[in-house]
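S.K.: just to be clear, the model below is a prediction. Sequence and coordinates:
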Amino acid sequence: MKFLKMCILCGVISAGMLLPSVALSEDKYGVGGDDYIVENGAPDLLGDESEWENEKEPAGIYDPLEPLNRAFFEFNDKLYFWVLKPVKQGYTYVVPEDIRVSVGNFFYNLAAPVNLTNTLLQGRFEDSGVVFKRFVINSTLGIFGFGDVAAVDFDLKPERGDFGETLGVYGIGEGIYLCWPLFGPSNVRDSVGIVGDMQLHPYSYLEFDSAAQSFARGSEFINRLSITPDVYEDIKKISLDPYVATRQAYIDYRRNLILSHE
Amino acid sequence: MNTKSSIRCAVLVVLVSFLPIQVMAAKGPMEELRPTLSMLTSVLADPELKGDERKVERRAKIMASIKQGFNFTEMCQRILGSTWHDISPQQRIQFTELMTKLLENVYIGKLENYSGQTIGYVNERIKGERAQVSTLVEDNGLEIPVHYIMALENEKWMVYDINIEGVSLVRNYMQQFKSILRTEKFEGLVKVLEEKNRSFETGTN
């Protein structure tokens, strides 16, 4: 009997110690159980555990042109180290950073029709509004889009939308993986997207000839390289097979982007 | 049954029903991750540990704080997939050591560039024995979503994967190793890893 009493006493004490923690988890998790989310908003990256067990990918990457893609990947690697990187370094040396950032703003502002059309097509009306407001504010107060007054004074952060993404949101499959010379990692859907976006870009209806377009796009590209981190060099450094690492990262990034806009 | 014993019964029932909760993780995944990351950032921001002459000590401290909250064995097991079951326990240890060294080589330099970026904790999501803690790293007015994927290990939530904008560290290495394993088997992978680690030591990378 004494033993039982002791047991109960111990039980009551430990129950008393447990109670606050139980109450806390109730507060925090809302409902109990094994599966719960504290707050919605972030994508579910956990997937299904069984995925890991039998190693079946949710969807693999179809890359039947791998040998050709690898050849172009090698070409781009050489292009980067022998041409783009020295050009970028020279440009960075000659042009101060604030001017390069302004030039970047200008090119982003110029692409507003692309971003506006695609955010609209994807049904991201709030984002379309942001793109439109940013375009009006930055083209006027920001003087032809060189300044980003919209982000600084109106807290309107840049939004983007491309046609490959739009097609993805509409449920069109990505097709085979492609690594283009010059353009780099892509797939059939995103390649179609690039062509579509070119039609939406002011260059096409300002009737720039192909030489002028190439020059404008080339300048935009070098300028962007000079103000963004060296992603390619990083990938090369951290991976054992840079081709596979780039392919996986590109596809995962695009899938995640489309999933978050569906 | 008298009142006394029915009270005892009630108490017992209450106790038993509380037991499973106690067995589950003592702390939630976010609660577990927070001290690991704040310890890491405080080591990274420590002015006394800056400079080349403190490199060895600094890197040891960085790794020690990471190892508190990261489960490298789990990470390696997931990176290798089914190959993990085919290799011997010694090979598993060897692979885990090589891989940990590689991650250290690859990311420690990146971490050392830390310049006071803040980490915002967004939410946590639990599915059985796995969890996801979503954070936002603020860098120069840019918010980068970083998700930590965790698994329950001895009643403690430990990180085994990092996911940035949909790109998973484990999946990326897993895919890279797959093709190496297919053509050169486990021994070949070990060789490639050793070579890669050597390239960091000799500074060719």
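M.R.: On my side now, so go ahead.

S.K.: longest helix of chain B, counting residues only.
M.R.: Longest helix in chain B by number of residues (criterion: DSSP state H): helix B:169-201.

S.K.: let me know whether it sits next to chain A.
M.R.: Yes: interface with chain A: helix B:169-201 contributes B:171-173, B:175-180, B:192-193, B:196 (CB under 8 Å from any CB of the partner chain). C-beta: built from backbone N, CA, C; applies to glycine.

S.K.: got the buried residues for that helix?
M.R.: With burial defined by 16 or more other CB atoms under 10 Å in any protein chain shown, the residues of helix B:169-201 counted as buried are B:169-178, B:180-181, B:186, B:189-190, B:192-193, B:196-197, B:200.

S.K.: contact residues of the stretch 151-262 of chain A facing chain B?
M.R.: Residues of the stretch 151-262 of chain A lying near chain B by CB under 8 Å from any CB: A:151, A:237-241, A:244-245, A:247-249, A:252-253, A:255-257, A:259.

S.K.: weed out the non-buried ones from these.
M.R.: Listed as buried from these are A:151, A:237-241, A:244-245, A:247-249, A:252, A:255-257; burial here means 16+ other CB under 10 Å.

S.K.: from these, which is closest to chain B?
M.R.: The nearest member of these to chain B, counting by CB to the nearest CB, is A:N256 at 2.3 Å.

S.K.: A strand includes the closest one, no?
M.R.: No: counting by DSSP: H, G, I helix; E, B strand; the rest coil, A:N256 falls outside a strand, being helix.

S.K.: look up the closest residue to it, ignoring the ones flanking it.
M.R.: Of all residues not flanking A:N256 in the chain, B:G166 sits nearest, at 2.3 Å (CB to CB, 6 or more residues apart in numbering or on different chains).

S.K.: was I right to think the one you found contacts A:Y253?
M.R.: Yes: the criterion here is CB atoms under 8 Å, and B:G166 meets it with A:Y253 at 5.3 Å.

S.K.: hmm, back to that, can you list the residues of helix B:169-201 next to chain A in TSV and add pLDDT and distance to A:P229?
M.R.: Listed next are the residues of helix B:169-201 next to chain A as TSV, based on pLDDT from 0 to 100; distance: CB to CB, whole Å:
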residue	pLDDT	distance to A:P229
B:R171	94	22
B:N172	94	18
B:Y173	94	21
B:Q175	93	23
B:Q176	93	21
B:F177	93	26
B:K178	92	28
B:S179	85	27
B:I180	90	27
B:V192	93	26
B:L193	94	26
B:K196	92	22
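
S.K.: possible to save those as a markdown table with distance to A:S204?
M.R.: Supplementary listing: the residues of helix B:169-201 next to chain A in a markdown table, determined by distance: CB to CB, whole Å:
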| residue | distance to A:S204 |
| --- | --- |
| B:R171 | 38 |
| B:N172 | 36 |
| B:Y173 | 41 |
| B:Q175 | 37 |
| B:Q176 | 39 |
| B:F177 | 44 |
| B:K178 | 42 |
| B:S179 | 40 |
| B:I180 | 44 |
| B:V192 | 46 |
| B:L193 | 48 |
| B:K196 | 45 |
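
S.K.: hey, where'd the strands end up in the chain?
M.R.: If you meant another chain, say so; for now it's chain A. Taking DSSP state E as the test, the strands found in chain A are A:36-37, A:177-180, A:184-187.

S.K.: hm, I was asking about chain B
M.R.: Ranges of strands within chain B are B:118-127, B:130-139, B:142-153, B:156-164, B:167-168, based on DSSP E.

S.K.: among those strands, which is nearest A:V94?
M.R.: Of all the strands of chain B, it is strand B:142-153 that lies closest to A:V94, at 25.8 Å by CB to CB.

S.K.: which residues touch the residue in chain B that chain A sits nearest to?
M.R.: Scanning chain B for proximity to chain A using CB to the nearest CB identifies B:G166 as nearest, at 2.3 Å. The contact partners of B:G166, taken as CB atoms under 8 Å, 6 or more residues apart in numbering or on different chains, are A:43, A:45, A:252-253, A:255-257, A:259.

S.K.: phi and psi next, for it.
M.R.: With angles defined as degrees, to the nearest 10, B:G166 sits at phi 90, psi -10.

S.K.: relative to A:G175, how far out is the closest residue in space to A:G193 that isn't next to it in sequence?
M.R.: Spatial nearest neighbour of A:G193, chain neighbours left out: A:G164 (2.6 Å); criterion: CB to CB, 6+ apart. A:G164 sits 11 Å away from A:G175, going by CB to CB, to the nearest Å.

S.K.: how about A:F107?
M.R.: Applying CB to CB, the value for A:F107 to A:G175 is 28 Å.

S.K.: quick one: contacts for residue 147?
M.R.: No chain was given, so I picked chain A. Neighbouring residues of A:G147 by CB under 8 Å, 6+ apart: A:102, A:105, A:138, A:141.

S.K.: my bad, chain B
M.R.: A:42-43, A:45, B:132-135, B:162-164.

S.K.: swap in A:T92?
M.R.: A:100, A:226.

S.K.: number of nearby residues for residue 71?
M.R.: Assuming you mean chain A. By other CB atoms under 10 Å in any protein chain shown, 13 other residues sit near A:A71.

S.K.: not what I meant, chain B
M.R.: 20.

S.K.: how about B:E48?
M.R.: Neighbours around B:E48, by other CB under 10 Å: 8.

S.K.: same deal with A:Y205?
M.R.: A count of nearby residues for A:Y205, using other CB under 10 Å, gives 10.

S.K.: what of B:Y114?
M.R.: Neighbours of B:Y114 (other CB under 10 Å): 14.

S.K.: now do the contacts for it.
M.R.: Per CB under 8 Å, 6+ apart, neighbours of B:Y114: B:41, B:44-45.

S.K.: about what we covered before: among the contacts of B:G166, which one has the lowest pLDDT?
M.R.: Ranked by pLDDT, the contacts of B:G166 bottom out at A:P43 (69).

S.K.: with distance to A:P86 and mean pLDDT added, can I get the strands of chain A in a markdown table?
M.R.: Converted to a markdown table, the strands of chain A look like this (distance: least, CB to CB, whole Å; pLDDT from 0 to 100):
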| stretch | distance to A:P86 | mean pLDDT |
| --- | --- | --- |
| strand A:36-37 | 49 | 46 |
| strand A:177-180 | 22 | 96 |
| strand A:184-187 | 18 | 95 |
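
S.K.: turn those strands into CSV, columns for mean neighbour count.
M.R.: As requested, the strands of chain A are exported to CSV (neighbours: other CB atoms under 10 Å in any protein chain shown):
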stretch, mean neighbour count
strand A:36-37, 16
strand A:177-180, 20
strand A:184-187, 21
